[in-house]
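# requesting a structural model of the entry that follows:
(4 chains)
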4 protein chains.
Amino acid sequence: MALVEEIPDELLPYKGRLSKRFYEARQQVVDFIKEDVLPALPEWNRQRRALEKEAGHPTKAPMPPMHWTLMEKAKKRGIFNFFLPEVCGLTVLEYSPIQEILGTVPQANYAMNCSAPDTGNMEVLEKFGTPEQKRKWLEPLLRGEIRSCFAMTEPGVASSDATNISTRIVREGPDYVINGHKWYISGAIRPECKVAVLLGKTRDDGPRHSRHSMILVPMDAPGVKILRPMAVFGHEHDHAEILFDNVRVPASNILLGEGRGFEIAQGRLGPGRIHHCMRTIGQAETALQAIVHRVKNRKAFGSMLSEKDTIRQAIAEARMELTMCRQLCYLAACVADEKGFKAARAYIGMIKVAAPRMALKIIDEAIQIHGAHGLSQDSKLADEFMHVRHVRLADGPDIVHLRTIAKQELKREPSPVAIAISGENKNIEKYGFFSKL
Amino acid sequence: MALVEEIPDELLPYKGRLSKRFYEARQQVVDFIKEDVLPALPEWNRQRRALEKEAGHPTKAPMPPMHWTLMEKAKKRGIFNFFLPEVCGLTVLEYSPIQEILGTVPQANYAMNCSAPDTGNMEVLEKFGTPEQKRKWLEPLLRGEIRSCFAMTEPGVASSDATNISTRIVREGPDYVINGHKWYISGAIRPECKVAVLLGKTRDDGPRHSRHSMILVPMDAPGVKILRPMAVFGHEHDHAEILFDNVRVPASNILLGEGRGFEIAQGRLGPGRIHHCMRTIGQAETALQAIVHRVKNRKAFGSMLSEKDTIRQAIAEARMELTMCRQLCYLAACVADEKGFKAARAYIGMIKVAAPRMALKIIDEAIQIHGAHGLSQDSKLADEFMHVRHVRLADGPDIVHLRTIAKQELKREPSPVAIAISGENKNIEKYGFFSKL
Amino acid sequence: MALVEEIPDELLPYKGRLSKRFYEARQQVVDFIKEDVLPALPEWNRQRRALEKEAGHPTKAPMPPMHWTLMEKAKKRGIFNFFLPEVCGLTVLEYSPIQEILGTVPQANYAMNCSAPDTGNMEVLEKFGTPEQKRKWLEPLLRGEIRSCFAMTEPGVASSDATNISTRIVREGPDYVINGHKWYISGAIRPECKVAVLLGKTRDDGPRHSRHSMILVPMDAPGVKILRPMAVFGHEHDHAEILFDNVRVPASNILLGEGRGFEIAQGRLGPGRIHHCMRTIGQAETALQAIVHRVKNRKAFGSMLSEKDTIRQAIAEARMELTMCRQLCYLAACVADEKGFKAARAYIGMIKVAAPRMALKIIDEAIQIHGAHGLSQDSKLADEFMHVRHVRLADGPDIVHLRTIAKQELKREPSPVAIAISGENKNIEKYGFFSKL
Amino acid sequence: MALVEEIPDELLPYKGRLSKRFYEARQQVVDFIKEDVLPALPEWNRQRRALEKEAGHPTKAPMPPMHWTLMEKAKKRGIFNFFLPEVCGLTVLEYSPIQEILGTVPQANYAMNCSAPDTGNMEVLEKFGTPEQKRKWLEPLLRGEIRSCFAMTEPGVASSDATNISTRIVREGPDYVINGHKWYISGAIRPECKVAVLLGKTRDDGPRHSRHSMILVPMDAPGVKILRPMAVFGHEHDHAEILFDNVRVPASNILLGEGRGFEIAQGRLGPGRIHHCMRTIGQAETALQAIVHRVKNRKAFGSMLSEKDTIRQAIAEARMELTMCRQLCYLAACVADEKGFKAARAYIGMIKVAAPRMALKIIDEAIQIHGAHGLSQDSKLADEFMHVRHVRLADGPDIVHLRTIAKQELKREPSPVAIAISGENKNIEKYGFFSKL
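Numbers count the residues shown, from 1 in each chain, chains lettered A, B, ... in the order given. Prediction:
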């Protein structure tokens, strides 16, 4: 069968950057979703519910057998560990539209071993791990046998300012001893989770960004106490509250060396943020399409909803904002590909703010237009809303990202015209924007 | 001197579409602005003011001699009639960033013979004019000797719905006789304006979009009565109110034929809208840079404005919105280049709404941050604000463009996932966006 | 102990309308909350959780014993059935600030027998019920022995346009036979719920607002099939989906007579909406105070959150919007007291739109400022958010209320000055708002 | 003729606070406007235009003879110096709705000698002036013979932080010598303006709020150099830029004493701000009514504008926001009446932010709905827009008032429920806003 090389208008600017591999990979993922994942979902969900019942608590249930079946199918299709550049063979940009598709079918992402926070952790281990660390943790992660978590956020401090992180990592002879309190550690509660990448403090003095370190902590180490699952909007998730109570790990578990925690953290957040935003955009796109579907099928006050001016205006505004946001994401990906993630920092900050904000607006509008149905268990709009709202806090609240953007902006030199407009340059004649000509 | 091929991050996605000619043309325009236009501005403005005084009324003054000097310089640089594809040699996309630059120096645009509404009129004449029409009107326009206007808007009806246009064009023997009342006809009041492209009604029955025609009306034809200049925010401009009182023109002045007015109108608005939006973006960019300049130079309540969280947040939001809007404009240009203006219609509608809205927000913020200075004659921020506010109405109010976007959107078929989310497809298992895994 | 007659600034305008009874009643309710309800909450919740576990499903659990204890205490204090004018002795306005207090302690409202939808149903029975209907249903409701539901919303149609309601009520001899499908019927799932006030269609022709009727349906009537609890944001509530399958009730169960459904519905929604909004305002007030508490106790990026400009601005905006909205509610109550609910219709429409919108904004801001904690089970902010979001749909979406407001507005005659400004009155000299004097 | 005691719904809450005098005074003002001012407007404007022409510059023209005629009529009606409590006999609250009426007819306000900044200056002189100062300046001001200005804002500093004011007032023997640069000094350019109340610095050390003083400066004192009229949106107004170049005034011209400038400034801004906001509300009200008028008289896309959902929604939103804002103004006035201006400070800050913001939104919407007409000289909407936009900066930008509100808010003690919600009080059981009951 011939490869479909069609692309939507929104990708048109990037056509020249889309390799043959992109069309092929996209086809592989779409085929996997259509042929393997969607047909398996009813059974997947049924098994999951049974396991949750058995475990006595949803978050403690293991993955359903169907997950492993799908994983095997993903392996056969060659898209297992798809996030790895050597598997997918894609640029950050090319990977983006595929993540948009995956945004609405998380089960496919699980089966492809592409879930957060494992992908980020695997990237860290790949980049900074010792051969021993790789053998012990990276390899089973890459085989999909175990999972991992990233232990950063703490309950007692404003963790958005990471220099507030106060968990102690103290060297004692051949070991490090860890004491601290973490929460909202995603994935930690799963039975498959075997290791934590933990951020803590190794010293109290010296430069503020050299006091923290990252270290590997096996989840079964004595003193790792999972206190409870944390809820989001009242739903308990696999986000755990964890006490690290005199946890002792070998000194060789440190990543890269003492004081290099922020250095690793920065590298960790690159492509993940972009692709996370693309999944959010996928959810917004689906919500907008759901609106379109709904309004063509409902009548009120004498005409179809699709005939109402207000509804049409809401649809147009939603499409406009969504399109702008998607182009911004592509731009961030493109800059990252060409100039690296550091150069793309301001753009990544922008999408981290803009994508969930836009998606929440559209999903909220979709809920309103769907009426009671939109809040009900029959639609997934309410689920989406809660998920995306949580995204506005996860990985840093808006305010932190806006700081980053502003910092970059304040470094730029205003043009002479701008200075003239600002009125400080008396040597230049002012310009006639509103000239009477 | 070697050509500068540097591009800002925002153009990076389009690098592959930027020909050698783009860098060259951009350089030509920038050199023209820096070397010829900016140094001439003080004299340009002084001459203009003198002529306005002499004419007794600003809008009746002819262009200042310096304009003609600059025009000669533009000709020498080979950028006269730059808007013509055969002169600039650029795609719609490539032309866009250059228009952004020109957005803040309208005098350069005048000298390059690239001002609205002449460019649109010349395009219409080029595309649809008879040899006779071209010889009589297009050629002197292309030589920059005369100017033209586009007579569409009427005071008594909602002209945003163009089918409301009620000026009559009636065939009488070898002539057409025109009766009607127009206003806000930009440029009509200038002494250089010699011809109007007029939209009127040739019949009252038949399909609603085949009742109108376009016709060429010499401004000196008996019965063309310029009643007064119309004001925008209290400033009288070259927008005229005109009475067409039994104006008689030869039947050969009709464009393309009776009933084809909307057909021509549609073709007329293509690249102009995109480039107009780019100029608006240029004004927003300059306003944002003016903010940055200001806040680095002012102190209040104990610290520099640039150190205030609120100011930084405003700057970050402005940069984010501006970047999204610019990418949307590039997208519209790119789709127009590849698929034509009809295919780009929804995107062009989006930028017509998004660009002035974004620019107004940023300019308003700039005014607020500049304090009294921002409203004063020493800055041009207030001028910009009035100009861009007027753009929200010119060439159709937002509401008309939102209708276009919604119409396209309602034609799209929702995906099965969207239908599942909307809750109407009971055959598909719902997806777990917020699954507890 | 002397009665506390202090009032907050926001009530100052209404001081002359606050009777001695207001201060007394407010004191009674506050004392009840402080002395009886708050101390009982831990036990209340513990009992409830045990009963939920026992029932196998939260929504099927009966009220906890502590509820009945509190009910006895409310009776002793003379504030049982507090919503009844003859019990509380308050105007709509006076009742409002007390509802604001109750907005954050729903258990007190339950114990005072003041919960929706029972209050509305009791008012309807009181106003329109026959002696027989009153004896059978109103009396046990007033004793707090049973509860009721209001069966209006239907899943298949846009119920915001109530003329779409399609459940059939057909006369057959001495009975009415009811067939239809309802959902989101609040309270229906509770074991205490014994009767439904149902809105259905008794004829298909005649004036559109005379086709519907209200009828009393015992919940244990054969054919009343509770299909499932409906969820809001994934939490199953006591909102039921119900099938009315050939349900037969005596003809005497009709309320007021055939075709008078909308007449009753209109009367039903008066004070309830105002007081509902006041409870929403109470939740917003609490969220704002929670913000203030938080920011005085957290540090980030070198200073207390309370010192940040952005945080201060958010607090000021929240206080401003909250104050405006509260004054609007008081106005609606005051107009209702003086001129009746029909005259207050536009104001009631306004608060139904404004209060949840404002509250959602403040609660959302509170979540953002509280970080992960704000979304967690340790705070109640997420609960509040879900509740208030649901309120934006319950009892009519915004769009329906905005229609009501606009309808009233379009009836008003513009002043001559407004007509002059609009430009249609050529006989009046225009006014100089921006006159140069 | 019987007094009309009717009041609109919005004043209903305050009925008990409206004295017989209120109805009488309102009637007097309305009669004055209807019988004297409106009929005189055409002549008033004609005279004014002639004087402007004669003066060579609009802002240098004296008041037209018709102004003095109207002033005599106002005197005869007993409403001259109406702002004085002993003339109007009204509370701040009662004065408010009358100011709303006057908001659209500034010529009436002039004739009643109630224009800013004179009213504020007269209040200051009344309150703090020596008998000599009163005789010399207050008396002619009260007779309407001269006018005054308030010289505070400076071009080189952020004047919103008044401690930045840097004009020097230095004691030299029996005199003070003043050196400084002021701008946007409203009214200073009028020929009738004879005295300035100037804020300057008398010392550089000591507490920051005791360094500034107020002093009376005759406009004809040597060294007072009016440099130019300052423009707002390109229109030159009577706001002057003034150089104070070694201006020498007798030491007795100081107000209240050295270092008491801020003390006076604070007292100065009380009722003025409230009434200014009421005038802004009057302008918004008129704009909304203009919308209503327009949409009942225009057709587009097949139906009257008044039938469009989007238009109706815009109207409803406008009415809602306007009503909320007006109630907030009344609240501020009421608190000021009962507790004084200091206690009302936060409310006055709120209306200073909320009223212009709301009015701008409505006027902007009115412009958009009126199309080209809305921007033209035939409507006054554009004038209103410019005026109200300028108000957002005059007398302090939003950001300064938001600071005041936040400061008050942060002083309030959160309730125990709020602390529980915020999650810090572990001793209180959390409350069930979203309880499943």
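# for the rest of this, base every contact and every neighbour count on C-alpha atoms.
Fine.
# biggest strand in chain A by residues?
The single longest strand within chain A, with elements called by DSSP state E, is strand A:235-250.
# which residues of chain A fall in strands?
Here chain A has its strands, by DSSP E, at A:147-151, A:168-172, A:175-185, A:193-201, A:212-218, A:224-232, A:235-250, A:299-300, A:303-304.
# ok, and the closest non-adjacent residue to residue A:93?
Spatial nearest neighbour of residue A:93, chain neighbours left out: residue A:333 (4.8 Å); criterion: C-alpha to C-alpha, 6 or more residues apart in numbering or on different chains.
# that neighbour: how many residues sit nearby?
Per other C-alpha atoms under 10 Å in any protein chain shown, the neighbour tally for residue A:333 reads 28.
# and residue A:118, by the same measure?
Residue A:118: 22 neighbours (other C-alpha under 10 Å).
# and it, what is it in contact with?
By C-alpha atoms under 8 Å, 6 or more residues apart in numbering or on different chains, the contact list for residue A:118 reads A:141, A:147, A:148, A:149.
# residue in the stretch 251-400 of chain A with the shortest distance to chain D?
Distance from chain D to each residue of the stretch 251-400 of chain A (C-alpha to the nearest C-alpha) is smallest for residue A:310, at 5.0 Å.
# and that residue, how far from residue D:314?
10 Å (C-alpha to C-alpha, to the nearest Å).
# before we move on, the earlier item: so which elements touch the longest strand of chain A?
Judged by 3 or more C-alpha pairs under 8 Å, 6 or more residues apart in numbering or on different chains; DSSP states H and E, the packing partners of strand A:235-250 are strand A:175-185, strand A:224-232.
# quick check: the nearest residue to residue A:201 once chain neighbours are set aside vs residue A:93, distance?
Distances taken as C-alpha to C-alpha, 6+ apart place residue A:212 nearest to residue A:201, at 4.2 Å, with adjacent residues excluded. Noted for residue A:212: a distance of 32 Å to residue A:93, by C-alpha to C-alpha.
# hmm, back to that, dump the contacts of residue A:118 to CSV, plus pLDDT and neighbour count.
Formatted as CSV, the contacts of residue A:118 follow (pLDDT from 0 to 100; neighbours: other C-alpha atoms under 10 Å in any protein chain shown):
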residue, pLDDT, neighbour count
A:141, 97, 23
A:147, 95, 28
A:148, 97, 29
A:149, 96, 26
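# ok, so of these, who is nearest chain C?
Chain C lies nearest to residue A:149 out of the contacts of residue A:118, by C-alpha to the nearest C-alpha, at 17.0 Å.
# the closest one contacts residue A:195, doesn't it?
Yes - at 6.5 Å, residue A:149 and residue A:195 qualify as touching, with contact defined as C-alpha atoms under 8 Å.
# ok, residue A:372 - contacts?
Residues counted as contacts of residue A:372 (C-alpha under 8 Å, 6+ apart) are C:184, C:393, C:394.
# what separates it from residue A:234, distance-wise?
Distance from residue A:372 to residue A:234, by C-alpha to C-alpha: 20 Å.
# circling back to that earlier point, out of the contacts of residue A:372, who's the most crowded?
residue C:184 leads those on contacts (other C-alpha under 10 Å) with 27 neighbours.
# residue contacts, the closest residue to it other than its chain neighbours?
Nearest non-adjacent residue to residue C:184, counting by C-alpha to C-alpha, 6+ apart: residue C:239, 4.6 Å away. Contact analysis of residue C:239 by C-alpha under 8 Å, 6+ apart lists C:183, C:184, C:185, C:186, C:187, C:188, C:189, C:229, C:230, C:231.
# same thing but 6 Å
Residue C:239 makes contact with C:184, C:185, C:186, C:187, C:229, C:230, according to C-alpha atoms under 6 Å, 6 or more residues apart in numbering or on different chains.
# do I have it right that the residue nearest to residue A:93 meets residue A:94?
No - with contact defined as C-alpha atoms under 6 Å, residue A:333 does not reach residue A:94; the gap is 8.6 Å.
# quick one: contacts of stretch A:346-355?
Residues outside stretch A:346-355 that contact it (C-alpha under 6 Å, 6+ apart): A:277, A:332, A:398, A:401, A:405, B:320.
# and it, what's its mean pLDDT?
The pLDDT scores in stretch A:346-355 average 96.
# swap in stretch A:104-112?
91.
# now do stretch A:116-132
Stretch A:116-132 comes out at a mean pLDDT of 94.
# distance between it and the chain's centre?
16 Å (C-alpha atoms, centre = their mean, to the nearest Å).
# then stretch A:221-231?
Stretch A:221-231 sits 23 Å away from the centroid of its parent chain (C-alpha atoms, centre = their mean).
# can you tell if it touches chain B?
No - shown here: stretch A:221-231 not in contact with chain B (C-alpha under 6 Å from any C-alpha of the partner chain), separated by at least 10.3 Å.
# what are the structural domain limits within chain A?
What automatic domain parsing lists as the domains of chain A is A:9-115, A:124-131+A:146-259, A:269-411.
# looking at the strands of chain A, which is buried most?
Counting by mean count of other C-alpha atoms under 10 Å in any protein chain shown, strand A:147-151 has the highest mean neighbour count of these, with a mean of 26.
# what's that one in contact with?
Contacts of strand A:147-151 (C-alpha under 6 Å, 6+ apart): A:118, A:141, A:185, A:187, A:188, A:192, A:193, A:194, A:195, A:196, A:197, A:198.
# tell me which strands it pairs with, and in which orientation.
Strand pairing for strand A:147-151, determined by DSSP bridges: strand A:193-201 (parallel).
# by how many degrees do the strand it pairs with and strand A:175-185 diverge?
Computed by axes from the mean of the first three to the mean of the last three C-alpha atoms, to 10 degrees, the angle separating strand A:193-201 from strand A:175-185 equals 100 degrees.
# distance from the chain centre to strand A:193-201, please.
Worked out by C-alpha atoms, centre = their mean, strand A:193-201 lies 19 Å from the chain centre.
# stretch A:348-361 too?
12 Å.
# CA atoms only: put that stretch into PDB for me.
What follows is stretch A:348-361, C-alpha atoms only, in PDB (Å, rounded to 0.1, in the frame of the first residue of the first chain):
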ATOM      1  CA  ILE A 348       9.100  26.100  25.200                       C
ATOM      2  CA  GLY A 349       8.100  28.400  28.100                       C
ATOM      3  CA  MET A 350       5.400  30.000  25.900                       C
ATOM      4  CA  ILE A 351       3.800  26.700  24.800                       C
ATOM      5  CA  LYS A 352       3.900  25.400  28.400                       C
ATOM      6  CA  VAL A 353       1.700  28.400  29.300                       C
ATOM      7  CA  ALA A 354      -0.300  28.700  26.100                       C
ATOM      8  CA  ALA A 355      -1.300  25.100  25.300                       C
ATOM      9  CA  PRO A 356      -3.000  24.200  28.500                       C
ATOM     10  CA  ARG A 357      -4.700  27.600  28.700                       C
ATOM     11  CA  MET A 358      -6.100  27.300  25.200                       C
ATOM     12  CA  ALA A 359      -7.100  23.700  25.700                       C
ATOM     13  CA  LEU A 360      -8.900  24.400  29.000                       C
ATOM     14  CA  LYS A 361     -10.800  27.200  27.300                       C
END
